[in-house]
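J.: With the input below, show me the fold.
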Amino acid sequence: MEAGSDSDAPEEITTEEGIKQDEEIQKVQRENIRRVAREGKERRRQWAQRKAQPKSSEEHTAEIKKMEQQQEAPYIPGMLPSNIVEALAAREKQTFSSDSEEEINHKPTRRKKKLKSSGPETVILKDIPPAQCLQNSMEFLKRRKMQVSRSTSILKNANQALRLLSSQGSLFSKS
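T.: Below you'll find the predicted structure:
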């Protein structure tokens with residue numbers, strides 16, 4: 001083996017090289033943060049454009065014809081153009097309808113009275129079913145116990161097997 005073949009050894013660098021590497025890493029991290037923010041803004045902008053797509057061509061042409069007809073209407077001095085009047089009327093209808101909805105939905109709601117408790121409530125532990133984790137742990141212990149190699153007589157009746165072994169003297173025999 002050669003002395004210079006320590007491929008598993010960590011790379012040795014000077015403090016200046018370490019500082020340069022750290023600066024490069026921080027620069028890359030800042031660029032990544034900027035890129036993520038820029039991509040997020042672009043994604044939100046595209047989503048907003050999809051959300052507010054232009055109307056179909058039929059609706060667009062119908063609106064153009066309507067605007068042309070309104071422009072052809074004679075202008076009366078001292079009066080607002082009809083399209084502005086219609087826009088104001090539509091806005092008033094919206095505000096009046098929202099006001100009436102608020103009045104209807106603004107019914108006072110009664111709060112339910114809290115029942116006064118005289119202290120901590122007693123809990124009967126027998127009434128509470130065992131937790132699922134207890135059942136899982138018991139099943140685990142049974143499986144673990146069954147994995148240990150034993151004779152079936154010990155597994156079926158452990159107390160009787162212990163008595164048989166101790167009565168024959170094999171358990172506590174002095175050899």
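
J.: Point out where this protein drops to low pLDDT.
T.: Within the chain, the stretches with pLDDT under 70 are 1-7, 9, 54-60, 67-77, 96-109, 114-117, 150-156, 158-175.

J.: try 80 this time
T.: The model of the chain has pLDDT under 80 over residues 1-11, 53-83, 94-121, 145-175.

J.: what about the strands in it?
T.: Counting by DSSP state E, the chain has no strands to list.

J.: residue ranges of the helices in it, please?
T.: Per DSSP state H, the chain carries helices over the ranges 15-51, 57-72, 82-105, 132-147, 152-156, 158-168.

J.: Just the CA atoms of the fourth one, as CSV, please.
T.: This file holds the C-alpha atoms of helix 132-147, laid out as CSV (Å, rounded to 0.1, in the frame of the first residue of the first chain):
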residue,chain,number,x,y,z
GLN,A,132,-54.6,0.3,20.4
CYS,A,133,-51.0,0.6,21.3
LEU,A,134,-51.5,-1.7,24.2
GLN,A,135,-53.0,-4.4,22.0
ASN,A,136,-50.1,-3.9,19.5
SER,A,137,-47.5,-4.3,22.2
MET,A,138,-49.2,-7.4,23.6
GLU,A,139,-49.3,-9.0,20.1
PHE,A,140,-45.6,-8.1,19.6
LEU,A,141,-44.7,-9.8,23.0
LYS,A,142,-46.6,-12.9,22.0
ARG,A,143,-44.9,-13.1,18.7
ARG,A,144,-41.5,-12.6,20.4
LYS,A,145,-42.3,-15.3,23.0
MET,A,146,-43.3,-17.7,20.3
GLN,A,147,-40.0,-17.2,18.4
